[in-house]
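Q: kindly generate the corresponding structure for this input.
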Amino acid sequence: MNVPARGSAATSSLPRVVAASLIGTTIEWYDYFLYGTAAALVFGKVFFPNSDPLTGTLLSFLTYAIGFAARPLGALVFGHFGDRVGRKKLLVLSLLLMGGSTTAIGLLPTYDSVGVMAPVLLTALRLVQGFALGGEWGGAVLLVSEHGDQRRRGFWASWPQGGAPAGNLLAAGVLSLMTSVQSESAFLAWGWRVPFLLSAVLVGVGLWIRLAVDESPLFRQALAAREARKGEAAEKPPLIAVLRNHWREVLVAMGARMAENISYYVMTTFVLTYAVNHAHFDKQSALNAVLIASAIQFALIPLFGALSDRVGRRPVYLVGAAGVGVWAFVFFGMVDTESFGALVVAVTVGLVFHSAMYAPQAAFFSELFATRMRYSGASIGAQFSSVAAGAPAPLIATALLKDYGSATPISVYVAIAAAITVLAVLCGRETRGQDLAAVEEQPADGVTAGKPAVA
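A: Purely as a prediction, here's the structure:
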């Protein structure tokens, strides 16, 4: 049910909450994707100059993947405190950590200046980025989900998901602009730093917006209930409660992320390396293709979110997973034509299928867990899978291309991930219309207490 605000603090309007979450996630994803794009185009030359081009890219993607290793830790820490002290406070902290580490990357000395210390510092800052993002996602989608009405939750909660393509669009756009107005030597010397330093300005904007939004009304209700229970038996930490009562839901969420995560990083990050080094596109064309596809995806995400409110989370998710598994075998063939139009279509269609998974994901994962452990449950399910999915995806794709000289094994890799996701979603329950206030902890036998409020 919808819980009204109490006391003097009025609940923020839903569009305002959505805008704050979307702008915040856009900034955080801008920071995160900026690293991935730079890893594909710049870091191999700036931080690993003594390697051949493909090996340098592998090393660069390795530092990129390390950031994912910190995301589960971020999920645990932010999830715990987000379920204890509130969603809003942790979202502000994640924005500060992400923006600070990204700005610092823009100030790093290169390998030519300080030797091996340069990639070491780069890796350390990437870990901070991963830690921050591990806590960001859960808080952003929950703040919207717990403010919104249950009949349109898929639509409203999908807007923070739009921060991913918007952030990627912004990151690729800024880098594209820098490469278009600079020579190769100037871009490698200092131009690549500008987008990272820009993060300091964006974080200031994000903080101003996020600080003006109220805490989730459902969380305030859960906090009041916890205060009323003081003196009774000690309450288990959210992590323990999740693993004991919602472990099936955690596994469903992890499996659901496999195809979504792997396909996205193969088709937006690895494709930059593949298009430039294997299909002979220039950097500008490769970046522009991702720009166009990301703009289209941003428009599609709320549409798929709304569709999940009408037909259910699972049917929309399954279409995306099955579609991306098939498209993976078409994708590289289109890129290999060396036609810019074909490259744009390849990436765009891939992101259409990705959107069908990514859009309902926010509402789907939120509806799986009880309020007092929702931040922990959604974050753990989403971020622990990223270590096996998104983290190594560009690295595995690059290694497969290097070993086999063909993109077919990469397509098989994406298809296997799609099969895992289809199985996971089929094993999950439909959550469309779930009343978040009614979702209770599961008893030891795993029977779900909460029931959807919409038939």
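
Q: how much space between A393 and D435?
A: Counting by C-beta to C-beta, to the nearest Å, the separation of A393 from D435 is 36 Å. In short, each C-beta sits where N, CA and C put it, glycine included.

Q: again with K45
A: Using C-beta to C-beta, one gets 54 Å for the distance from K45 to D435.

Q: looking at these two, which is more packed in?
A: Higher neighbour count among K45 and D435: K45, with 18 against 15, using other C-beta atoms under 10 Å.

Q: neighbours around the nearest residue to the more buried one once chain neighbours are set aside, how many?
A: Leaving aside its sequence neighbours, K45 sits nearest to L188 (C-beta to C-beta, 6 or more residues apart in numbering; 5.9 Å). Here the number of neighbours of L188 (other C-beta under 10 Å) works out to 16.

Q: L188 touches F43, doesn't it?
A: No: here L188 lies out of contact with F43, judged by C-beta atoms under 8 Å, at a distance of 10.3 Å.

Q: dump the residue contacts of the spatially most central residue of the chain.
A: The chain has A164 as the residue nearest its centroid, 6.1 Å off, counting by C-alpha atoms, centre = their mean. With contact set as C-beta atoms under 8 Å, 6 or more residues apart in numbering, A164 has these partners: 25, 29, 33, 264, 358.

Q: from A417, how far off is it?
A: Taking C-beta to C-beta as the measure, A164 and A417 are separated by 18 Å.

Q: check M98 too.
A: 26 Å.

Q: cool, L91 as well?
A: Distance, L91 to A417, by C-beta to C-beta: 29 Å.

Q: can you confirm R429 is in a strand?
A: No: assigned with DSSP: H, G, I helix; E, B strand; the rest coil, R429 falls outside any strand and is coil.

Q: what is the neighbour count of it?
A: For R429, using other C-beta under 10 Å, the count is 16.

Q: helices of the stretch 1-150 of the chain, start to end?
A: For the stretch 1-150 of the chain, the helices defined by DSSP state H, counting those that start in this stretch occupy 14-38, 44-46, 53-69, 71-85, 87-105, 111-114, 117-145.

Q: between the fourth one and helix 117-145, how big is the angle?
A: Think helix 71-85. Using axes from the mean of the first three to the mean of the last three C-alpha atoms, to 10 degrees, the direction of helix 71-85 lies 40 degrees away from that of helix 117-145.

Q: for helix 71-85, buried residues please.
A: Residues 71-72, 74-84 are the ones in helix 71-85 that count as buried (16 or more other C-beta atoms under 10 Å).

Q: what is the nearest of these to A299?
A: R71 (27.3 Å; C-beta to C-beta).

Q: tell me the contacts of the residue nearest to the closest one when sequence neighbours are not counted?
A: Closest residue in space to R71, ignoring its immediate chain neighbours: G134 at 3.5 Å, by C-beta to C-beta, 6+ apart. The contact partners of G134, taken as C-beta under 8 Å, 6+ apart, are 70-75, 78, 379, 383.
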